[in-house]
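Engineer: I would like to see how this sequence folds:
(one chain, ligands or ions: 1)
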Amino acid sequence: MRDLTNSWRRAGETIGVVLTMGALHDGHLSLVKAAHSRADRVIVTIFVNPRQFNNPEDLAKYPKTEDNDARILGPLAIDVLYIPDPEEIYPTGFSTTISVTGVSDGLCGGDRPGHFDGVATVVTKLLLQTDADCTFFGEKDYQQLQVVRRVVADLDLKTEIVACPTVREDDGLAMSSRNLRLGTEAREVSPVIGRVLESAANVISQGGNVAQALETARQALLVAGFDAVDYFELRDDHDLQPLMSADRPGRLFVAAWLDGVRLIDNTPVKAVFNAPIDRRKIPEPA
Ligand code: PAF
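Structural biologist: Here you go, the predicted structure:
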């Protein structure tokens, strides 16, 4: 990989990298297209990273479809499909963890301890191995995007992080490799998550009470047939601190279980003019 990227560098070419765990869908392909529009060379990586799964069953169930992934990538004319062996990422004796505080607290970080340490560590390794000038992350995993932005800023990595919009099925369900595990009935119910999210975001951005809107949204998911709601929260768009009031640009986040599958989604919420100020955010006078 180093020889290859060095030869591209000597020719003055830039490198765009799309990191994946395989089971590719149109969401990933939109990242590859974005990479082509920004970089001369495009690398796609597939590595099902054991360190970001806190549940061994979830890891075992993760779809592995490398041949099909390679076939899907065919028409997109990428330069390299990099599928490292576990030893190439975590050689014997590997003992380093990149751990990000703040943006990784709560939401998926709360429900999945160690998850973002695993993500931050593997992303750092893959960006260094591929010598990436730019890399592309979907907003569907918004907390992951903020964690990776933090790593790149804090460790002075040269890679530019490009955020790409969530790609949705025709019925509005955010694309995810996990969607393949939904049974027919559950698949029909699943788009409710996006609709409930949007309707809560509308209520909040029109000045509605945040706590009430979140509770109504939780109940709507359970009534629609979801088995449990891990979280439904309004957070600051940038540092992901919890918000009780839409007094600044925010983002609404949801994770809920359906048919044994954990679905996540998020959407922006505009700041409300005259929203009650969330006092917890105002620093104490020195
Ligand atoms: O979003 C994913 O598929 C993974 O978390 C990533 C970024 C490839 C790291 O393993």
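
Engineer: any weak-confidence spans in the stretch 151-286 of the chain?
Structural biologist: Of all residues in the stretch 151-286 of the chain, those with pLDDT under 70 make up the ranges 278-286.

Engineer: name the residue of it that lies nearest to the ligand.
Structural biologist: The nearest approach of the stretch 151-286 of the chain to the ligand comes at Ser177, 7.8 Å away (Cβ to the nearest ligand atom). Any C-beta I mention is one placed from the backbone N, CA and C, and that applies to glycine too.

Engineer: per-residue pLDDT, the nearest residue to that residue once chain neighbours are set aside?
Structural biologist: Nearest-residue entry for Ser177: Ala23, 3.5 Å, with adjacent residues in sequence omitted and distances by Cβ to Cβ, 6 or more residues apart in numbering. According to the prediction, Ala23 has pLDDT 94.

Engineer: right, and Ala23 touches Asp67 too?
Structural biologist: No: in this structure, Ala23 sits apart from Asp67 without contact. The criterion is Cβ atoms under 8 Å, and the distance is 11.9 Å.

Engineer: pull the number of nearby residues for the residue nearest to Ser177.
Structural biologist: Here the neighbour count serves as a burial measure; for Ala23 (other Cβ atoms under 10 Å) it reads 20.

Engineer: make sure it is indeed in a helix.
Structural biologist: No: the assignment for Ala23, made by DSSP: H, G, I helix; E, B strand; the rest coil, is coil rather than a helix.

Engineer: residues in contact with it?
Structural biologist: Contacts for Ala23 were tallied using Cβ atoms under 8 Å, 6 or more residues apart in numbering; they are Tyr62, Pro63, Lys64, Thr65, Asp69, Ser177, Leu180.

Engineer: from those residues, list just the buried residues.
Structural biologist: A residue is treated as buried here by neighbour count (16 or more other Cβ atoms under 10 Å); on that basis the buried members of the contacts of Ala23 are Tyr62, Asp69, Ser177.

Engineer: format these as TSV; extra columns: secondary structure.
Structural biologist: Converted to TSV, the buried ones among the contacts of Ala23 look like this (three-state DSSP):
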residue	secondary structure
Tyr62	coil
Asp69	helix
Ser177	helix
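
Engineer: just the strands in the stretch 101-250 of the chain please.
Structural biologist: 134-138, 160-164, 228-236, 250-258 (DSSP state E, counting those that start in this stretch).

Engineer: quick one: which of the ones you listed is nearest Pro191?
Structural biologist: Relative to Pro191, the nearest member of the strands of the stretch 101-250 of the chain by Cβ to Cβ is strand 250-258, separated by 10.7 Å.

Engineer: quick one: list the elements packing against that closest one.
Structural biologist: For strand 250-258, the packing partners by 3 or more Cβ pairs under 8 Å, 6 or more residues apart in numbering; DSSP states H and E come out as helix 107-111, helix 142-154, helix 192-205, helix 210-224, strand 228-236, strand 261-269.

Engineer: could the ones you listed go into JSON lines alongside distance to the ligand?
Structural biologist: Supplementary listing: the helices and strands packed on strand 250-258 in JSON lines, determined by distance: least, Cβ to the nearest ligand atom, whole Å:
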{"stretch": "helix 107-111", "distance to the ligand": "10"}
{"stretch": "helix 142-154", "distance to the ligand": "6"}
{"stretch": "helix 192-205", "distance to the ligand": "18"}
{"stretch": "helix 210-224", "distance to the ligand": "23"}
{"stretch": "strand 228-236", "distance to the ligand": "17"}
{"stretch": "strand 261-269", "distance to the ligand": "11"}
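
Engineer: quick revisit: make JSON lines from the strands of the stretch 101-250 of the chain and add distance to Asn202 and mean neighbour count to it.
Structural biologist: Below are those laid out as JSON lines (distance: least, Cβ to Cβ, whole Å; neighbours: other Cβ atoms under 10 Å):
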{"stretch": "strand 134-138", "distance to Asn202": "23", "mean neighbour count": "22"}
{"stretch": "strand 160-164", "distance to Asn202": "23", "mean neighbour count": "17"}
{"stretch": "strand 228-236", "distance to Asn202": "13", "mean neighbour count": "19"}
{"stretch": "strand 250-258", "distance to Asn202": "10", "mean neighbour count": "23"}
